[in-house]
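[1] here is my input, please return the structure:
(one chain, ligands or ions: 1)
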Amino acid sequence: MGRARLNLCARRPVSLAHARSLWRWSGLGFLLGLLTLAVVACAPLGRPADAAELAGRPVRVVTTTSLIADAVRQVGGERVAVTALMGPGVDPHLYKAREGDVLRLARADLVLYHGLHLEAKMADILAQLDRWVPTRAVGQAIPPEDLRYPEGSGGNPDPHIWFDVRLWQRVVAFIAQVLAERDPAHAALYQARAAAYQRELEALDAYVRAQVQRLPPEQRVLVTAHDAFGYFARAYGFEIRGLQGISTVAEASIADVQELADFIARRRIRAIFVESSVPVRNIEAVQEAVRARGWEVRIGGALYSDALGEPGTPAATYIGMMRTNVDTIVQALAAETTTTGGPP
Ligand SMILES: [Zn+2]
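    Presented below is the predicted three-dimensional model:
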């Protein structure tokens, strides 16, 4: 048994050149991962599986975010075995690759990441990975002219494209195309499943629009922990304010809190929102500052911003997450001020 394993390993060696390159771009963590790979797992690093091999087993797809993983599951069905590196509640702006991630990435048949600087701390690994594993950024499905470039972002695009359902539909089409290229034997299946899912997404887009219509235009103001909802605002007609910018990498300053509190008190905004992947304390500080200005703003609930909900919850899929968010937003902003205020 041990000997057979050794022989298997010997047929698929991890070359010294690989080890040196991987070391250069990722340091000790990646080298440890590579050693685990070479010594224990004997996984192939040098040669991605070809189309004939993939036709006979599920395609191993590794994604960074849970959002991309859900899209791959919807399109790929039982043809794909999907792993997301970032679980529920994880902030992709701050996430760094772990040792176990290296194994997962190296064993994948296909790696899909978001791009547009969302995975800011994994940029080096993701940029280099395509030399070993077929790797694509789904953000490239959106042409530059359809992206937002908010003030103060240094010319970087806003990566939160999933909050406009119509933009996410283009990502889904892109994923179907990439899966069909990687596993051409099942191209028709991917296209058929994608077409069915696109119809669900069209219904979702209509649902969001109908829910938003329930709010008077002057109440369509969304205050959140970070600027994740810019595409939502653009697509569905909201004014938007975030405490932090389009990334959570930079901490909010006291001046940011004061400025946002002024805005909320002046506009008499009824509810502000916390986010599943950003610490609650940031938005609570805003609530306190608003109170000091003589206005009571409620925390209207938690929105899912950059990650899906826990498995088994309604927000565990993209469609569920969008519905949960819009329900939370509309319910909180439409609420009559029948109580004396304070959090619900
Ligand atoms: Zn974000």
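[2] which parts of the longest helix seen in the chain are buried?
    Longest helix of the chain, by residue count under DSSP state H: helix 187-212. Using 16 or more other C-beta atoms under 10 Å as the test for burial, helix 187-212 gives 189-191, 193-194, 197-198, 201, 204-205, 207-208, 211-212. Placement of C-beta: from N, CA and C, glycine included.
[3] what does stretch 167-181 give?
    Within stretch 167-181, the residues that count as buried by 16+ other C-beta under 10 Å are 167-180.
[4] in a strand, that's where residue 302 is, yeah?
    Yes. When DSSP: H, G, I helix; E, B strand; the rest coil is applied, residue 302 is found to be in a strand.
[5] now the strands for the stretch 1-150 of the chain?
    Using DSSP state E, counting those that start in this stretch, the strands found in the stretch 1-150 of the chain span residues 59-63, 80-84, 110-113, 135-137.
[6] among these, which is nearest the ion?
    The ion lies closest to strand 110-113 among those, at 14.5 Å (C-beta to the ion).
[7] OK, contacts around residue 143?
    Not one residue lies near residue 143 by C-beta atoms under 8 Å, 6 or more residues apart in numbering.
[8] shaky segments in the stretch 201-344 of the chain?
    335-344 (pLDDT under 70).
[9] quick one, strands of it?
    221-226, 239-244, 271-275, 298-303.
[10] got the residues of the chain near the ion?
    228, 306 (C-beta under 5 Å from the ion).
[11] how much space separates the nearest residue to residue 295 once chain neighbours are set aside from residue 163?
    Excluding the flanking residues, the one nearest residue 295 by C-beta to C-beta, 6 or more residues apart in numbering is residue 265, at 4.1 Å. To residue 163, residue 265 is 27 Å away according to C-beta to C-beta, to the nearest Å.
[12] can you report how many residues neighbour the closest residue to residue 309 other than its chain neighbours?
    In space, and not counting its chain neighbours, residue 309 is closest to residue 315: 3.0 Å by C-beta to C-beta, 6+ apart. Residues lying near residue 315 (other C-beta atoms under 10 Å) number 22.
[13] which residue does the stretch 101-250 of the chain have closest to the ion?
    Distances between the stretch 101-250 of the chain and the ion by C-beta to the ion are smallest at residue 228, namely 4.4 Å.
[14] residue contacts, that residue?
    160, 163, 242, 246, 275, 305-306.
[15] which of those residues are buried? Put it as a ChimeraX command.
    Remark: buried members of the contacts of residue 228, expressed as a ChimeraX selection using 16+ other C-beta under 10 Å:
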select :160,163,242,246,275,305,306
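[16] contacts only, for residue 189.
    77, 79.
[17] okay, now the domains of the protein?
    1-43, 44-206, 214-334 (automatic domain parsing).
[18] what's the end-to-end length of the last one?
    The first and last residues of domain 214-334 sit 8 Å apart, counting by C-alpha to C-alpha, to the nearest Å.
[19] how far away is the residue nearest to residue 309 from residue 72?
    According to C-beta to C-beta, residue 315 and residue 72 sit 18 Å apart.
[20] what's the answer for residue 251, then?
    33 Å.
[21] for these two, indicate the residue with more neighbours.
    residue 72 (27 against 9).
[22] the more buried one against residue 62, yeah?
    No. Between residue 72 and residue 62 there is no contact under C-beta atoms under 8 Å: 9.6 Å.
[23] and for these two, which residues touch both?
    With C-beta under 8 Å, 6+ apart applied, the overlap between the contact sets of residue 72 and residue 62 consists of 82, 112.
[24] and the strands of the stretch 1-150 of the chain, which is most packed in?
    strand 110-113 (a mean of 26; mean count of other C-beta atoms under 10 Å).
[25] centre of the chain to that one, how far?
    13 Å (C-alpha atoms, centre = their mean, to the nearest Å).
[26] got it, and stretch 73-91?
    With C-alpha atoms, centre = their mean, you get 11 Å for stretch 73-91.
[27] just the CA atoms of it, as CSV, please.
    Output of stretch 73-91 as CSV, limited to C-alpha atoms (Å, rounded to 0.1, in the frame of the first residue of the first chain):
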residue,chain,number,x,y,z
ARG,A,73,-23.5,25.4,-8.1
GLN,A,74,-26.5,26.8,-9.8
VAL,A,75,-24.9,26.5,-13.2
GLY,A,76,-22.9,23.3,-12.7
GLY,A,77,-25.4,21.2,-10.6
GLU,A,78,-24.0,17.7,-9.9
ARG,A,79,-21.3,18.2,-12.5
VAL,A,80,-19.3,20.4,-10.1
ALA,A,81,-17.7,19.9,-6.7
VAL,A,82,-17.5,23.5,-5.4
THR,A,83,-15.4,24.8,-2.4
ALA,A,84,-15.5,28.4,-1.3
LEU,A,85,-12.4,29.5,0.6
MET,A,86,-14.3,32.3,2.4
GLY,A,87,-17.3,31.1,4.5
PRO,A,88,-20.3,32.9,5.8
GLY,A,89,-19.6,36.3,7.5
VAL,A,90,-16.0,36.5,6.1
ASP,A,91,-14.8,39.8,4.9
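[28] good, we can wrap up now.
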